[in-house]
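> 3D model of this:
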Amino acid sequence: MRIPTTWALFTIIATALAVAVYAQSDTTILSGKQPPQSFYLHPESGTSPMLRSQTTRSTTIPARLRLLGVRVPVAGEAPAIELRFAVLDSSGNAIIGISDTTYQQWETHLVTADGYQYRDSVTPTLRSSVWITARLRVALVLEHSLISAPYRLLLAQALNAFRTALGPYDSLSIIGAGVQPKLLVPMTLRDSLPIDLAQVAQQIPFTGVNRLSYGILAALEEAAPSVVIVLTACDDHASLDVVTRDIIEKAIRDNTRVYTIAIGDNIETGPLELIAAHTGGAFYRFYTTYPEQLRSAVHEIIRGEQVASTAVFSLPTSVQVVTNGGCILTLRCRYAGTTLSDSLTLPPSSALNPTRQILAVFSERSSALDPTTAPIIEALAELLRSNPAQAIELVGHSFKEGTPTQQAALAVRRARAVKDAIVAAGISAKRIRIRAMGDLKPLYPAAETPTELAFNRRVELRWLDPSLLPYELVAGYTYSEQEALSMVQEWEQRGYRAYIEDVLLHGRAALRIKLWGYATRQEAIAAANDIARRYRAVITIE
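Numbers count the residues shown, from 1 in each chain. As a prediction, the model looks like this:
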């Protein structure tokens, strides 16, 4: 995917080469069913504390093992899992100098969502931890949509953790991920960074929806990082033509690990979990919001890049197949009679892409588009221009904004407002269907905050494939928007897929109801005859 030309501003970044701290092994995704838990390193109340910002000699007594990341293979790669870990002393300091003679009886243990278990006691290929002095180039992607607004202060405080976590020869770049990726701080050596990085977050608007995937891919393409860290309180809303796979492929090519630190519960974690799992990074999830948690995560990521050991385990193809639904993965070893272990959860590949794409959110009882949606509308129009056969459906939503009839009408107006903006950008109205859900599918059923209310009052995008189902039936015409909504609901209750299309009838603006989803003309004729017989309706085929 191509990044918008607005990213030319990144040319001001220093051109020093990115240095990868570790060579990553070739390693495919465990995919399918929902895993037992999210890809989260350790529960906040767990017994495995984070890695501290110190190291000790290998003579120190090991107390626990800490998993710092995983790299599972993509399609076409050798079926092996690469685990990055550190052995810690009782104070949480990393012990360097791991060997298969000192640490014995290595084992990986997989448990799938449906209870299948697999153990492998073969000693892995080990790369021992050493103190790495290569200079890190860290790209921080800061999400700043309306959903993250309540966490602005917390996110701002987290930024200052980078000044203490980075070494004097490490560099940091900060990229804002709103509707457009924005360079907030170019790649800069630690000691030349602004004294108060928190001000960066305080000076940008937290509004509207985001294109988080655009921001991550832009950081990979333009900042040449060895590490990407995503700091967010929500998932991707509308990156459109930039998908999770684009990020994974780019990061693997560049030998870049991608981490995410997520806060709150307004986030669909799957895509970000998979990015971490495929690139050797990790996904941190914090439901409570204490600044110390974020600071500890930042320090662990940076220090882990310097001291982590690596264990590579081959994965039989048969095991890969049965773990397609995701699994809990445990690494164990023994030291002087003591078992050291830690676990993480691998996500299913079914979580590869977001389950929804939100193009716009609205104020109460309003169908006016916020100006911040303009880049999203233009990106969608450009995508449709590049794919002239592609059709879309815009689904309008409302919430606590009047009677059911008023809410349905408002949802249609919101969808039509987005449609009009896309048509104004040069796209044929015939390729755009609109549908209203009213208040039937709120994202936040118990919404109270302005953010929750705004995201219940939204327009979502659905991709349609007219090449697979090209035939449609015309089921009626009306001049009334409310009657059109009632007709659509009636046909959907009967089990048909229906939408509203704007037309001119006898020189007047009108609406017609169309039923869609017929692959052949013969199928459409049969459906039309059946409808005419059952409902005494006049049906025409297009």
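> buried stuff in the helix or strand harbouring T330?
In the assignment (DSSP states H and E), T330 maps to strand 327-335. Residues of strand 327-335 classed as buried: 327-333, 335 (neighbour count, 16 or more other Cβ atoms under 10 Å). Yep, even glycine has a C-beta here, placed from its N, CA and C like the rest.
> end-to-end on stretch 384-391?
Stretch 384-391 has an end-to-end distance of 8 Å (Cα to Cα, to the nearest Å).
> what's in contact with it?
For stretch 384-391, the external contacting residues (Cβ atoms under 8 Å, 6 or more residues apart in numbering) are 383, 392, 422, 426-427, 431-433, 463-467.
> out of those residues, which sit inside helices?
Using DSSP state H, the subset of the contacts of stretch 384-391 located in helices is 383, 422.
> let's see the PyMOL selection covering just the buried ones among the contacts of stretch 384-391.
Here is the PyMOL command that selects the buried residues among those (16+ other Cβ under 10 Å):
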select buried, resi 392+422+427+431+432+433+464
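> could you dump the contacts of stretch 384-391 to CSV with distance to A475?
Shown next, in CSV, are the contacts of stretch 384-391 (distance: Cβ to Cβ, whole Å):
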residue, distance to A475
L383, 30
I392, 21
I422, 25
G426, 29
I427, 25
R431, 20
I432, 19
R433, 14
W463, 23
L464, 18
D465, 21
P466, 18
S467, 23
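> in JSON lines: the contacts of stretch 384-391, plus pLDDT and distance to V87.
Below are the contacts of stretch 384-391 laid out as JSON lines (pLDDT from 0 to 100; distance: Cβ to Cβ, whole Å):
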{"residue": "L383", "pLDDT": "94", "distance to V87": "48"}
{"residue": "I392", "pLDDT": "92", "distance to V87": "52"}
{"residue": "I422", "pLDDT": "98", "distance to V87": "55"}
{"residue": "G426", "pLDDT": "97", "distance to V87": "60"}
{"residue": "I427", "pLDDT": "97", "distance to V87": "57"}
{"residue": "R431", "pLDDT": "91", "distance to V87": "58"}
{"residue": "I432", "pLDDT": "93", "distance to V87": "57"}
{"residue": "R433", "pLDDT": "89", "distance to V87": "57"}
{"residue": "W463", "pLDDT": "88", "distance to V87": "47"}
{"residue": "L464", "pLDDT": "83", "distance to V87": "53"}
{"residue": "D465", "pLDDT": "71", "distance to V87": "51"}
{"residue": "P466", "pLDDT": "62", "distance to V87": "57"}
{"residue": "S467", "pLDDT": "63", "distance to V87": "55"}
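> closest one of the contacts of stretch 384-391 to D120?
Of all those, D120 sits closest to W463, with 40.6 Å by Cβ to Cβ.
> and the closest one, what is it in contact with?
W463 neighbours (Cβ under 8 Å, 6+ apart): 390, 392.
> enumerate every residue touching P316.
P316 touches P79, counting by Cβ under 8 Å, 6+ apart.
> next helix or strand past the lowest-mean-pLDDT helix or strand in the chain?
Using mean pLDDT, DSSP states H and E, strand 55-56 stands out as the lowest-scoring helix or strand of the chain, at a mean of 60. Helices and strands here follow DSSP H and E; after strand 55-56, the next one along the chain is strand 64-71.
> about what we covered before: which one of the contacts of stretch 384-391 sits closest to Q357?
Of the contacts of stretch 384-391, the one sitting nearest to Q357 (Cβ to Cβ) turns out to be W463, at 8.5 Å.
> against A391, how distant is the closest one?
Between W463 and A391 the computed distance is 8 Å (Cβ to Cβ, to the nearest Å).
> hang on, the earlier thing: now intersect the contacts of stretch 384-391 with the strands, please.
Here DSSP state E is the test, and the contacts of stretch 384-391 give 392, 432-433, 463-464 as lying in strands.
> which of those sits closest to I531?
Distances from I531 to the ones in strands among the contacts of stretch 384-391, taken by Cβ to Cβ, are shortest for R433, at 19.3 Å.
> what's the distance between that closest one and P186?
43 Å.
> do the same with P442
On the measure of Cβ to Cβ, P442 and P186 end up 41 Å apart.
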